[in-house]
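Q: Sequence first, then the predicted structure:
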Amino acid sequence: MAKNKSSDNTTAVAGLLVIVSVILGVAFYALMQRYDEARLVQKQIETDEAFVELQQMGNTQSDK
């Protein structure tokens with residue numbers, strides 16, 4: 001009977017490790033998605049700033 005109890009504990013610990021691993025995996029995936037989204041937003045801001053700068057350069061040249 002004692003051997004069976006030890007096996008139950010091992011199974012419980014293994015189950016908890018699987019659950020924790022899944023939770024950490026999902027959290028890491030969500031974090032990477034947010035990081036990628038932030039990087040895309042930053043690239044879009046840089047693109048918009050460059051576009052505005054080019055427009056302003058074009059406007060000053062056409063004013064001359």
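A: Received the coordinates, thanks. Residues are numbered from 1 along each chain as shown.
Q: going forward, measure contacts and count neighbours with C-alpha atoms only.
A: OK.
Q: all helices of the protein, in order?
A: Along the chain, the stretches classed as helices by DSSP state H are 2-63.
Q: what's the spacing between the residue nearest to the spatial centre of the chain and residue 40?
A: For the chain, the residue nearest the mean C-alpha position is residue 32 (1.7 Å; Cα atoms, centre = their mean). The gap separating residue 32 from residue 40 is 12 Å, by Cα to Cα, to the nearest Å.
Q: cool, residue 8 as well?
A: In this view, residue 8 and residue 40 are 48 Å apart by Cα to Cα.
Q: same question, residue 61
A: 31 Å.
Q: for residue 5, same thing?
A: Distance, residue 5 to residue 40, using Cα to Cα: 53 Å.
Q: Next one: the residue nearest to the centre of the chain from residue 8, what distance?
A: Distance, residue 32 to residue 8, by Cα to Cα: 36 Å.
Q: Kindly report the same for residue 36.
A: 42 Å.
Q: One more: residue 57?
A: Note on residue 57: its distance to residue 8, by Cα to Cα, is 73 Å.
Q: got it, and residue 58?
A: Counting by Cα to Cα, the gap from residue 58 to residue 8 is 75 Å.
Q: What of residue 20?
A: On the measure of Cα to Cα, residue 20 and residue 8 end up 18 Å apart.
Q: Kindly report the same for residue 18.
A: 15 Å.
Q: how many neighbours does residue 53 have?
A: Applying other Cα atoms under 10 Å, we find 12 residues neighbouring residue 53.
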